[in-house]
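Trainee: Got a sequence here, can you model it:
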Amino acid sequence: MEPQARLRVTVAAAGERPIGCELVDLSRQRSLWTMRFAPADFGIGPEMSPYGMLRVPGELRREIVAAVTRQLPGMSALWLHLVAPYGWLSAAPWESVLAPRLGIPVLRLPRPLPAAAAPAARWTVAVVANAPAGAIWPTGYLPAFARALTTAVRMPAQVDVFADAATADALSRGRTTPALVVHEPPAMAVDGTAADRWSRWLTGRLAGTGVRVLYVIGDGALDGVRSLTAVAADPGGRYRLGRAGYLSGGDIRRLADRLGAPAVGIGSPPGNDSDLATRLLADAVGSAQCGPTAYVDIADDREGRGMAAAQAFLANPPGSTALPIAPALFVYVQPTLLAAALGAAAAGGLSPGDQVEQPYAARGEQIPGWVAASARYLDFALVDRAVKGGAEAVAMTRGAYEHGQSRGLSFVHELVAAQGEQDGQR
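Mentor: Sure, this is the predicted structure:
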């Protein structure tokens, strides 16, 4: 096995330097060193703003680079293990600071859960994109991402875009690519929350499709300690930040669950009102689900290659695609998914949901939407037990079960109706 290392970050309850950083050589199971820092070393303090940026201390960065160079030559990956509770530290730019200097992937370690590997014969990405009227990044980035994805994955790929009315109109009038499908926004609704309206739109349009990735792009916001992403209050209207609706990490996981998407992408758009909040949101999603979660800073990935590379690693046969090394990207991924790429034997099996989906992928068949939604119910039920979640987690898994069940019953009803029509024609 190629050498790997883990940077373990902990926060003590008290002390002038409560943040501990320990570098561990995983191949030999030995600690190389431990350093301690004050919150201010990371830019954390009473005067910090949700619109600012954190930092990685220069001393820590230099010691990590020195250790990898001198003590761990040929290392294949550095795992970042943030031990809860870790507060704001997940928003520090660990990957953009370390990956270019180390020349290896820097990967975030989620909770120890079975990995959802997203088996598929077709790679379908559902994108939720919101931007102020006149923003130019959607018409450049989204077609570029679709082109990069179709080049990177070794199977048919499609990007379904669900955007606010102004963004959808701009995309429809701009240059596009065959793999990019822009869905027409629905009529304005009067009932439910913003999360309800967006969920109804996506699940209605993508019924019968096993989505592999839910990719949400929008401005970040903080509501007390809760990180959010802004969306148009109604998908049939325009996005205005002052009158926006918001999706929480729970809303995003619940939507991914209903779509049957085992992987989630979180995009921070150019000019993001609070990139710090978006990073915290990606952490909230990625640390609490079986499947991978990727964050990307679109301003540093305007051609979409970073996010496409992360998805290609999941989509393509194990060991056939290199791990992405992109400063704009950070990824939460289960170590068992990386066994082939890191030269190790798999340390676990498929997640329960993957076991349900695997026969369809093995036969080269599109995974039905109701099967995918039911599979995610199994995975998220496992997460719920593992993290001892509260009412929100229970509601999420119950919603997945009900949604998968209703899709399954609808599918059976359609089969019976079709058979009845055929019998009547005989």
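
Trainee: quick one, helices of this protein?
Mentor: For the chain, the helices defined by DSSP state H cover 58-71, 94-102, 137-152, 165-173, 194-205, 249-259, 275-286, 305-315, 352-362, 369-387, 391-425.

Trainee: Okay, buried residues for the third one please.
Mentor: Spelled out, that is helix 137-152. The neighbour-count check on helix 137-152 (16 or more other Cβ atoms under 10 Å) flags 137-150, 152 as buried. No exception for glycine: its C-beta is placed from N, CA and C like everyone else's.

Trainee: Relative to Ala163, how far out is Leu228?
Mentor: In this view, Leu228 and Ala163 are 18 Å apart by Cβ to Cβ, to the nearest Å.

Trainee: so which of the buried residues of helix 137-152 would you say is closest to Ser31?
Mentor: Ala152 (37.4 Å; Cβ to Cβ).

Trainee: tally of neighbours for the closest residue to that closest one other than its chain neighbours?
Mentor: Counting by Cβ to Cβ, 6 or more residues apart in numbering, Ala152 lies nearest to Ala312, which is 3.6 Å off, once chain neighbours are set aside. Ala312 has 23 neighbouring residues, counting by other Cβ atoms under 10 Å.

Trainee: number of nearby residues for the residue nearest to Ala148 when sequence neighbours are not counted?
Mentor: Closest residue to Ala148 apart from its sequence neighbours, by Cβ to Cβ, 6+ apart: Ala308 at 3.8 Å. For Ala308, the neighbour count with other Cβ under 10 Å is 27.

Trainee: Glu59 too?
Mentor: Glu59 is flanked by 12 other residues according to other Cβ under 10 Å.

Trainee: and Ala189, what does it touch?
Mentor: Contact analysis of Ala189 by Cβ atoms under 8 Å, 6 or more residues apart in numbering lists 197, 200, 234, 236.

Trainee: do you know how far the closest residue to the last one other than its chain neighbours is from Thr229?
Mentor: The shortest distance from Gly236 to any residue that is not its chain neighbour, by Cβ to Cβ, 6+ apart, is 4.2 Å, and that residue is Met188. Plainly put, Met188 is 21 Å away from Thr229 if you go by Cβ to Cβ.

Trainee: Show the model's pLDDT score for the residue nearest to Ala148.
Mentor: Looking at Ala308, its pLDDT stands at 96.

Trainee: if I pick it, what's in contact with it?
Mentor: Contacts of Ala308 (Cβ under 8 Å, 6+ apart): 145, 148-149, 151-153.

Trainee: if you set the cut-off to 10 Å instead, what comes out?
Mentor: 125, 144-153, 157, 159, 296, 301, 315, 324 (Cβ atoms under 10 Å, 6 or more residues apart in numbering).

Trainee: for Phe42, same thing?
Mentor: 9, 19, 48, 54-57, 60, 87-89, 91-92.

Trainee: again, but for Asp160
Mentor: The contact partners of Asp160, taken as Cβ under 10 Å, 6+ apart, are 124-128, 146, 179-183, 202, 205-206, 209, 211, 215, 259.

Trainee: how about 8 Å then?
Mentor: Contacts of Asp160 by Cβ under 8 Å, 6+ apart are 124-127, 181, 183, 205-206, 211.

Trainee: Dump those residues to a markdown table, plus pLDDT, neighbour count and distance to Gly271.
Mentor: Formatted as a markdown table, the contacts of Asp160 follow (pLDDT from 0 to 100; neighbours: other Cβ atoms under 10 Å; distance: Cβ to Cβ, whole Å):
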| residue | pLDDT | neighbour count | distance to Gly271 |
| --- | --- | --- | --- |
| Thr124 | 94 | 23 | 29 |
| Val125 | 97 | 26 | 23 |
| Ala126 | 97 | 26 | 24 |
| Val127 | 98 | 25 | 18 |
| Val181 | 95 | 15 | 26 |
| His183 | 95 | 18 | 24 |
| Arg205 | 92 | 15 | 28 |
| Leu206 | 91 | 21 | 29 |
| Val211 | 89 | 30 | 28 |
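
Trainee: I'm done for today, thanks for sticking with me.
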